[in-house]
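Peer 1: only geometry, no sequence info:
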């Protein structure tokens, strides 16, 4: 069972906007910034969002993040077939003195 | 391009040991915290351990404390994970990742391609 809670699945059709949540606690999301990673099938994870809502260069602006209290979310607008992947949230946890991940959300593009 | 390459994975019996290596290229390892993250078959990501630039601080997930040891050799631009008393539940792809940063913000980038560790009799 993961310290951060994510819904196991999400889906949408091409062009749609989808969101996925990430719930934590005061020792992680509540006081630390959230990062998001994308894992395409059969590949290593790739860095997607840092500091809750900042995109590194090369990540399309279709991807956006937000945080409120002890929860965060990732939104993908203009959904494309190549967005089909697993998405993970992560944050440092001050109580555990370690990084914690969500269980991942599998995004299906219908 | 900045790159990380893991090696050392394989099949080992329960109770056995394995040493993973992570070789960094096109960046100076000594400037960064480094982490190991694992992924059991069909499961999500789990952070395993990390180590400070000079090796003076190390942190571990509870499930590997006392069994795994993270280390680094900055002169060789490499990081290691010594895994002892291996259990079936340690079976996973092990990724090394650089903890990149900007100000107070830290994230994992890049990631290696991973090395598979299988613990089975």
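Peer 2: Thanks, I have the structure now. What you see is a predicted model; the values in this text were computed from it and never measured.
Peer 1: Any residues of chain B in contact with chain A? List them.
Peer 2: Proximity of chain B to chain A, by Cβ under 8 Å from any Cβ of the partner chain, involves residues B:35, B:37, B:44-47, B:50, B:59-62, B:95, B:100, B:102, B:104-114. C-beta: built from backbone N, CA, C; applies to glycine.
Peer 1: Mark which of the residues you listed are buried, thanks.
Peer 2: Restricting those to buried positions leaves B:35, B:37, B:44-47, B:50, B:59-61, B:95, B:100, B:106-112, B:114, with burial counted as 16 or more other Cβ atoms under 10 Å in any protein chain shown.
Peer 1: Tell me which of the residues of chain B next to chain A fall in strands.
Peer 2: B:35, B:37, B:45-47, B:50, B:59-60, B:95, B:100, B:102, B:105-111 (DSSP state E).
Peer 1: all strands of chain A, in order?
Peer 2: Along chain A, counting by DSSP E, strands occupy A:9-12, A:18-23, A:35-39, A:46-49, A:63-68, A:71-76, A:85-93, A:98-101, A:105-109.
Peer 1: I'd guessed residue A:3 sits against residue A:93; true?
Peer 2: Yes. The pair residue A:3 / residue A:93 is scored as a contact, 6.3 Å apart, by Cβ atoms under 8 Å.
Peer 1: Between those two, which contacts overlap?
Peer 2: Common contacts of residue A:3 and residue A:93 (Cβ atoms under 8 Å, 6 or more residues apart in numbering or on different chains): A:28, A:100.
Peer 1: in the sheet, who's paired with the most centrally placed residue in chain B?
Peer 2: Nearest residue to the geometric centre of chain B (Cα atoms, centre = their mean): residue B:36, 2.6 Å. Beta-bridge partners for residue B:36, by DSSP bridges, are residue B:49, residue B:96.
Peer 1: mind listing what it touches?
Peer 2: Contacts for residue B:36 (Cβ under 8 Å, 6+ apart) come out as B:20, B:22, B:47-50, B:70, B:79, B:81, B:94-97.
Peer 1: can you check residue B:19 too?
Peer 2: With Cβ under 8 Å, 6+ apart, residue B:19 has these contacts: B:8, B:80, B:81, B:82, B:83.
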